[in-house]
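Participant: predicted structure and sequence below. I'll ask about it afterward.
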Amino acid sequence: MSSQTLNIGVLGAGRIGRVHAANLATRISGARVLAVADPIEEAAQRCAHDFGIPAALTDYRAVLANPDIEAVLICTATDTHAQISEEAAQAGKQIFCEKPIALSLATIDRALAAVERAGVTLQIGFNRRFDANFRRVRQAIVQGEIGTPELLHIISRDPAPPPISYIKVSGGIFVDMTIHDFDMARFLVGSEVDEVYVAGAVMVDPAIGEAGDIDTALTVLRFANGAIGTIDNSRRAVYGYDQRVEVFGSGGAIAVSNNYPNNTTISDANSIRRDLPLNFFMDRYTESFVAELSEFVGAVTGGAPVP
């Protein structure tokens, strides 16, 4: 890079785009956002105003054409990720792209080929790899603290389903929601999956079924190293955002429970209880979003591979 400060353009000023813009503006050193682009002009202008970004644009191509911008964050709609990744690579920009790259392997392969030809960096936004709890699980497995991993169980349940309008374009529960759990399974166990099968149903909202999707699933994975895993998904957990993991091994086990807004418990004559867990992914994974971008910026400015 030309300097130790990475000049960035944020493409997409929706929910996740604003999260990244805020973190870059307030919590991540070595980065500066020069422009934000969103087809909704008001969204771009609001993001620019809120986070001190000099330029608000409606066409992402104007960001790619800016020679002062060295890297882009692709936070646009899912069906645009691959095309913009290809165009950003051709423009010589370093790329951080939210998951998924695309909904078909052929489209993904084409985007990856463009990145390779251009010789630029590409990091995908699987933020849960950067969560301190899950990193500790991976550390325990790598260092042999629980022996050889034998069983993995991931519980990943949303507090409420997204709007049906989103369900229709999301690619389905496995590409939209379980994608994080598939990634975590491979990351934590450290092995590829040889076999997968699923039992799924519509138990939360019939409209989700009418849109061609399911809202409840149990996935069984058999890994190349012999371990067996399960992923338990639901679009509705009335008590909050349910994010738990356990890995059982030949020499012990390690488990991650939910994160809570506080550590207090209330004890009386009827029960011992605590407040509900954090209720949204941006609350539960706040620090992981900071960590993943910090490592992207550090890798690009330092000339190192992204994690």
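Facilitator: Now that the structure is in, tell me what you want to look at.

Participant: what separation do you get for Gly9 and Ala199?
Facilitator: Noted for Gly9: a distance of 43 Å to Ala199, by Cβ to Cβ, to the nearest Å. (C-beta placed from N, C-alpha, C; glycine too.)

Participant: same check, this time on Leu151
Facilitator: Computed as Cβ to Cβ, the Leu151 to Ala199 distance reads 18 Å.

Participant: those two: which has the busier surroundings?
Facilitator: Regarding Leu151 and Ala199, a neighbour count based on other Cβ atoms under 10 Å identifies Leu151 as having more, with 14 against 10.

Participant: tell me, what residue is most central in the protein?
Facilitator: The structure's the chain has its C-alpha centroid closest to Phe126; by Cα atoms, centre = their mean the separation is 3.6 Å.

Participant: that one contacts His180, doesn't it?
Facilitator: Yes - because the distance of 6.7 Å satisfies Cβ atoms under 8 Å, Phe126 is recorded as touching His180.

Participant: shared neighbours of the two, anything?
Facilitator: With contacts defined as Cβ atoms under 8 Å, 6 or more residues apart in numbering, the residues adjacent to both Phe126 and His180 are Lys99.

Participant: where does the chain dip in pLDDT?
Facilitator: Along the chain, the model assigns pLDDT under 70 to residues 1-3.

Participant: could you chop it up by domain?
Facilitator: The record's domain parsing of the chain by the TED database lists 6-125, 129-280.

Participant: measure the longest one end to end?
Facilitator: Terminal residues of domain 129-280 are spaced 18 Å apart (Cα to Cα, to the nearest Å).

Participant: can you check stretch 111-124 too?
Facilitator: Terminal residues of stretch 111-124 lie 12 Å apart, using Cα to Cα.

Participant: next, the buried residues of that stretch.
Facilitator: Residues of stretch 111-124 classed as buried: 111-112, 114-115, 118, 120-124 (neighbour count, 16 or more other Cβ atoms under 10 Å).

Participant: residues near the spatially closest residue to Cys97 that is not a sequence neighbour, how many?
Facilitator: In space, Cys97 comes closest to Ile74 once its chain neighbours are excluded; the distance is 4.2 Å by Cβ to Cβ, 6 or more residues apart in numbering. Counted by other Cβ under 10 Å, the residues lying close to Ile74 total 27.

Participant: how about the strands in the stretch 101-250 of the chain?
Facilitator: Ranges of strands in the stretch 101-250 of the chain, per DSSP state E, counting those that start in this stretch, are 122-124, 149-157, 193-201, 216-223, 228-234, 242-249.

Participant: next, format those strands as a markdown table and append distance to Asn279.
Facilitator: Conversion of the strands of the stretch 101-250 of the chain to a markdown table gives the following (distance: least, Cβ to Cβ, whole Å):
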| stretch | distance to Asn279 |
| --- | --- |
| strand 122-124 | 26 |
| strand 149-157 | 12 |
| strand 193-201 | 24 |
| strand 216-223 | 19 |
| strand 228-234 | 15 |
| strand 242-249 | 10 |
